[in-house]
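Asker: Fold the stuff below for me.
(chains A and B)
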Amino acid sequence: MTDAGRHGRRDADATGPSYLSAGHSLRSWLFTLDHKRIAILYLISVTAFFVVGGLAAGAVRVELIKPRGTFMSNEMYNRMFTLHGVVMIFFFLIPAIPAVLGNLLVPLMVGARDLAFPRLNLLSWYLYTAGGLCALTAAVSGGVDTGWTFYTPYSTFYTNSQVTLTIAGAFIAGFSSIATGINFIVTIHKMRAPGQTWFRLPLFIWAQYATSIIIVLGTPVVAITLLLVVAERVAHIGVFDPKYGGDPVLFQHLFWFYSHPAVYIMILPAMGVISEVIACFSRKRIFGYHFVAGSSLAIAALGFLVWGHHMFVSGQSMYAGMVFSFLSFLVAIPSAVKVFNWTATIYKGSVSFDAPPLFAFCFIGLFLIGGLTGLFLASLATDVHLTHTYFVVAHFHYVMVGGAISAYFAGIHFWWPKITGRMYPETIARIAAVILFIGFHLTFLPQFVMGFVGMPRRYHYYPPEFQTLHVLSTAGSTVMALAYLLPVVYLLWSLRYGRRASANPWGATGLEWEIASPPPTHNFDSPPRVTGEPYDYEALCLSENPPTDARRRATCDPTASEPRATGERSDGGPS
Amino acid sequence: MNIPLLPEQASSFAVEVDAIYFVLWALTILFSFVVMAAIGFLAFRYRRGARVDRSRPVHSDLRIELIWSIVPLVIGLVVFAWSAHLYARTRIPPADSMEIYVIGKQWMWQMQHANGVRENAELHIPVRRNIKLTMISQDVIHSFYVPAFRVKHDVLPGAYTELWFKPTRVGRYRLYCSQYCGTQHSQMDGWVTVMEPDDFEKWLAEGGSEIAPSAGLVEAGRKLFDQMACGSCHGNTARTGAVPPEQRGGSLNGLYGSMVRLKGGRQVKADEAYLRESILRPNEKIVDGYWPIMPSYEGQLTEEQVIQLIAYMKTLGKADAGRGAGASPATSVPLVPLVPSEPSSPRRLARQEGSAQ
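Answerer: Numbers count the residues shown, from 1 in each chain, chains lettered A, B, ... in the order given. Prediction:
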């Protein structure tokens, strides 16, 4: 594999204290320039926002048990679903995988000491936090009731809620995304280890690269759009409201020009995680590496050309609708190609059913349905009926929650030993993955049915015939809440009581597994040199020197059913 | 326990929209099942510890990549074409449609029939007639959605949008506002009542559900036209021969539906949107040969009044309803298709058909 890999044990012994024990003061965390510590800062803040957004979702689901509400007013309900959307989109889904796993892994996977611009990286976390605090301040000082889409002219003229402050939050957080995107692009271009050509990059890096391009090109557009909303709202400069000579549909064009690519910002890194996990737990090189890598770029490029499929009933020209529909069918293909290639990877592999691959299978199952139901909305005549209904809600959650969040959990479980130096309890993690899969379907399958029957989204009161389906959905959401709560509990538990993790507990390829768990502050003792392809599990096992150490045996012996039973002594960790 | 699984099929589009919908579900279930079954089978067969043949693994194959790219693409494009074709039909109202105006406002729907009958949150229509709604919002964006008809279109402030459908079944169907529009968004709903044509005409003649129906749209528009003295500039002598150079505004006779040549040579069709813009913001489009001297009526007319004016202007230059002729409510009810009753203007007929392409 790599020179560093051949001497992995020695390197590990030679390293100093881990990045976690590099300092224990608050100051050592808040002023750190270490990409791994910044990833931890992001992990904590992103999790906090996930809890806020999740509680808002729970409140919405409880409210919808009865056709005329259970405990909220109209105003309260509208603020609650807006809070859920704004927090989950801008402060959880967009930063989750890039800012947590990307920050941690991009330098490690390319064999670098840190990201290209460590200070910019720290700044991005402060921007994110400042943006998040703006949004939370808005939420507690009256809230905002526009929906996360801020459609004009409602948002610019008609609502008296905290639009400006919320938009300021999203605006500031946007710059945090841009900073992260620029950092990744420069790091991936300029700081790859010697010998690590583009086609020797892990697919997670390809996915982060494609994501970063979307972030850097798209985020400025939404930033300007949100500024225009504030300009019209505060200074009455006519842009979107026909009262001032504006055009309300213009806002939708500008908003979706970013916000459709933004769903690829959320799902592409997830696909990168899945590629890593499937390869590792199948002990196989990814099938069709070039196609999986290229499909990320294809999605990034095509993703910018399909925004109009949100607007088939908005008054947009019929012919524009046809072009956008056509392109939306095209953008489905690269995603399908990825799924087929993951499936083919398993062929002749050696599959273990640990928690990371279970979450990955959970991703594939939910993403398949999420992606395919997207075609109902790309197709013009069916979209006319289904758009603005619960069908859209269900589709979107299948992709974003079933897809992106399952992949995030797969990634967190996969790299948890690397991040913390501890193993989490495996059995309960597997149970959590299965509960998630069941609870998810129970929550969102009824919403497809409701949408087709005509239940509009963002409805506080609804016709009584939908009550049974709403109750089913709420029941499912409690099961999901359990599936999300479990990992929080056992992962926190593992920080203190978990078994110490070896440098490479899964027997995975990749530079990040060749240094200690958790890694030392400086990552690599000597710059690694890459001599072969990524995911070269077969070569690792068929090499001239038969594997001798426990890790190699675990990696290569397809008949060893409990690879981690041979777990090594700790290479250092938090104490 | 009452779980609705399928919406009623009550318009001419419903059956075909549902056909596409169920074809897409068939594809979704087929693809998901095939992939999940393959993953399940392969993962079990090649589970760690199983003694199976793992020799000569495959890492890439251009042929299979092409197959699983192109086959779904072709299937997808077939669905795209089918759906786009149906969509095009849903977007182009037939020329013989019965016209109804819809005004959306926070948080109520208001419908205006041609004879002046108004309804709030209710819409009565005859079965088996093409119905065309011309819609506008007084405030934010709303969306007119009748699931049983499988039709929906956003209702914008500042611009007309159109929606048409042909109800096929008598009954009462839910109407929703489906675009989030503020506090009482979920209460901005209503009912569409589809009636037998005879019942509908009786209902309409009796003034609908309103106690005192207002005058017909055209009649109200004519009164407004006189009251605002529109005719002092837009007299009906223009275009009939000697146009005096100081003529301030063009005649409106036969204007609706015709092509208007603007300053700079651009041609636009004088449809509802154009008439509305020319009343409210006359300087946006200056007709060739005229000065931009007309004052703006923005803020001085309600959307309802604009609709009345347009309804009246549409009758100008027609044999039976010229300026001053005083169209009676009865003649303005377009229960009889409008187009065949215009033998005198075959050119306009051709244009209307042309515009439907």
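
Asker: so where's the chain shaky on pLDDT?
Answerer: Because you didn't say which chain, this covers chain A. Within chain A, the segments meeting pLDDT under 70 span A:1-15, A:539-575.

Asker: switch to chain B, that's the one I care about
Answerer: Counting by pLDDT under 70, chain B has low-confidence residues at B:1, B:208-215, B:235-247, B:318-357.

Asker: Do you have the helices of it handy? List them.
Answerer: Taking DSSP state H as the criterion, chain B carries its helices at B:14-45, B:62-91, B:197-205, B:217-227, B:272-280, B:303-315, B:329-332, B:346-355.

Asker: So is the first one next to chain A?
Answerer: Read that as helix B:14-45. Yes - applying Cβ under 8 Å from any Cβ of the partner chain, one finds helix B:14-45 in contact with chain A at B:16-17, B:20-21, B:24, B:27-28, B:31-32, B:35-36, B:38-39, B:42-43. No exception for glycine: its C-beta is placed from N, CA and C like everyone else's.

Asker: Outline the domain layout of chain B.
Answerer: Following automatic domain parsing, one finds the domains of chain B at B:7-45+B:93-213, B:217-235+B:250-351.

Asker: tell me the contacts of whichever residue of the stretch 151-300 of chain B sits closest to chain A?
Answerer: Across the stretch 151-300 of chain B, no residue is closer to chain A than residue B:158, which sits at 2.6 Å (Cβ to the nearest Cβ). Residue B:158 makes contacts with A:242, A:243, A:247, A:248, B:136, as judged by Cβ atoms under 8 Å, 6 or more residues apart in numbering or on different chains.

Asker: how much space between the second one and chain B?
Answerer: Distance from residue A:243 to chain B, counting by Cβ to the nearest Cβ, to the nearest Å: 8 Å.

Asker: who's in contact with that residue?
Answerer: A:153, A:157, B:157, B:158.

Asker: So it, which state does it fall into?
Answerer: Secondary structure, DSSP: H, G, I helix; E, B strand; the rest coil: residue A:243 is helix.

Asker: burial of whichever residue of the stretch 151-300 of chain A sits closest to chain B, as a residue count?
Answerer: Distances between the stretch 151-300 of chain A and chain B by Cβ to the nearest Cβ are smallest at residue A:242, namely 2.6 Å. Neighbours of residue A:242 under the rule other Cβ atoms under 10 Å in any protein chain shown: 19.

Asker: that older thread, between the contacts of residue B:158, which sits nearest residue A:371?
Answerer: Minimum distance to residue A:371 across the contacts of residue B:158 is 30.5 Å, recorded for residue A:248 (Cβ to Cβ).

Asker: can you pull the contacts of the closest one?
Answerer: Taking Cβ under 8 Å, 6+ apart, we find residue A:248 in contact with A:151, A:152, A:153, A:240, A:241, A:242, B:141, B:156, B:157, B:158.

Asker: Does the first one belong to a helix, a strand or coil?
Answerer: Right, the one you point to is residue A:151. coil.

Asker: Show me which residues of the one helix or strand residue A:341 maps to are buried.
Answerer: For residue A:341, the enclosing helix or strand under DSSP states H and E is helix A:318-346. Buried residues in helix A:318-346, defined by neighbour count with 16 or more other Cβ atoms under 10 Å in any protein chain shown: A:321-322, A:324-346.

Asker: how many neighbours does the residue lying closest to residue B:18 once chain neighbours are set aside have?
Answerer: Using Cβ to Cβ, 6 or more residues apart in numbering or on different chains and skipping the chain neighbours, the partner closest in space to residue B:18 is residue B:9 (6.6 Å). The tally of other residues near residue B:9 (other Cβ under 10 Å) stands at 17.

Asker: Can you tell me how far residue B:9 is from residue B:130?
Answerer: In this view, residue B:9 and residue B:130 are 17 Å apart by Cβ to Cβ, to the nearest Å.

Asker: and if you look at residue A:267?
Answerer: Taking Cβ to Cβ, one finds residue A:267 at 42 Å from residue B:130.

Asker: residues touching residue 70, list them.
Answerer: This is for chain A. By Cβ under 8 Å, 6+ apart, residue A:70 lies in contact with A:62, A:63.

Asker: Quick check: phi and psi at it.
Answerer: With angles defined as degrees, to the nearest 10, residue A:70 sits at phi -110, psi -40.

Asker: which residues touch the closest residue to residue A:534 other than its chain neighbours?
Answerer: Nearest residue to residue A:534, sequence neighbours excluded (Cβ to Cβ, 6+ apart): residue A:202, at 4.9 Å. With contact set as Cβ under 8 Å, 6+ apart, residue A:202 has these partners: A:109, A:272, A:275, A:276, A:510, A:534, A:535.

Asker: Now do the contacts for the fourth one.
Answerer: The one in question is residue A:276. Going by Cβ under 8 Å, 6+ apart, the list of residues near residue A:276 reads A:202, A:203, A:204, A:411, A:414, A:508, A:510.

Asker: Strands - which of those residues land there?
Answerer: Using DSSP state E, no member of the contacts of residue A:276 sits in strands.

Asker: Closest one of these to residue A:284?
Answerer: Among these, residue A:508 lies closest to residue A:284 (Cβ to Cβ), at 12.0 Å.

Asker: That closest one and residue A:278 touch, don't they?
Answerer: No - assessed by Cβ atoms under 8 Å, residue A:508 is found out of contact with residue A:278, at 11.6 Å.

Asker: between these two, who's got more neighbours?
Answerer: Comparing residue A:508 with residue A:278 by other Cβ under 10 Å, the one with more neighbours is residue A:278, at 29 against 23.

Asker: rewinding a little: could I get the contacts of residue A:248 as CSV with distance to residue A:45?
Answerer: Listed next are the contacts of residue A:248 as CSV, based on distance: Cβ to Cβ, whole Å:
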residue, distance to residue A:45
A:151, 28
A:152, 30
A:153, 34
A:240, 32
A:241, 35
A:242, 40
B:141, 34
B:156, 39
B:157, 39
B:158, 41
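
Asker: which of these has the most neighbours?
Answerer: residue A:152 (31 neighbours).

Asker: Just give the nearest non-adjacent residue to that residue, would you?
Answerer: In space, and not counting its chain neighbours, residue A:152 is closest to residue A:240: 3.5 Å by Cβ to Cβ, 6+ apart.

Asker: Please apply the same query to residue A:233.
Answerer: Spatially, and ignoring its direct neighbours in sequence, residue A:233 is nearest to residue A:156 (4.6 Å; Cβ to Cβ, 6+ apart).

Asker: show me what contacts the one you found?
Answerer: Per Cβ under 8 Å, 6+ apart, neighbours of residue A:156: A:163, A:229, A:232, A:233, A:240, A:241.

Asker: Just these: which are in helices?
Answerer: Residues of those located in helices (DSSP H): A:163, A:229, A:232, A:233.

Asker: Please verify my assumption that the third one contacts residue A:246.
Answerer: So the one you mean is residue A:232. Yes - between residue A:232 and residue A:246 a contact is recorded at 6.9 Å, counting by Cβ under 8 Å.

Asker: what touches both of these two?
Answerer: Listed as contacting both residue A:232 and residue A:246 by Cβ under 8 Å, 6+ apart are A:152, A:238, A:239, A:240.

Asker: got the residues you listed as JSON lines, with distance to residue A:97 columns?
Answerer: Shown next, in JSON lines, are the shared contacts of residue A:232 and residue A:246 (distance: Cβ to Cβ, whole Å):
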{"residue": "A:152", "distance to residue A:97": "31"}
{"residue": "A:238", "distance to residue A:97": "39"}
{"residue": "A:239", "distance to residue A:97": "34"}
{"residue": "A:240", "distance to residue A:97": "32"}
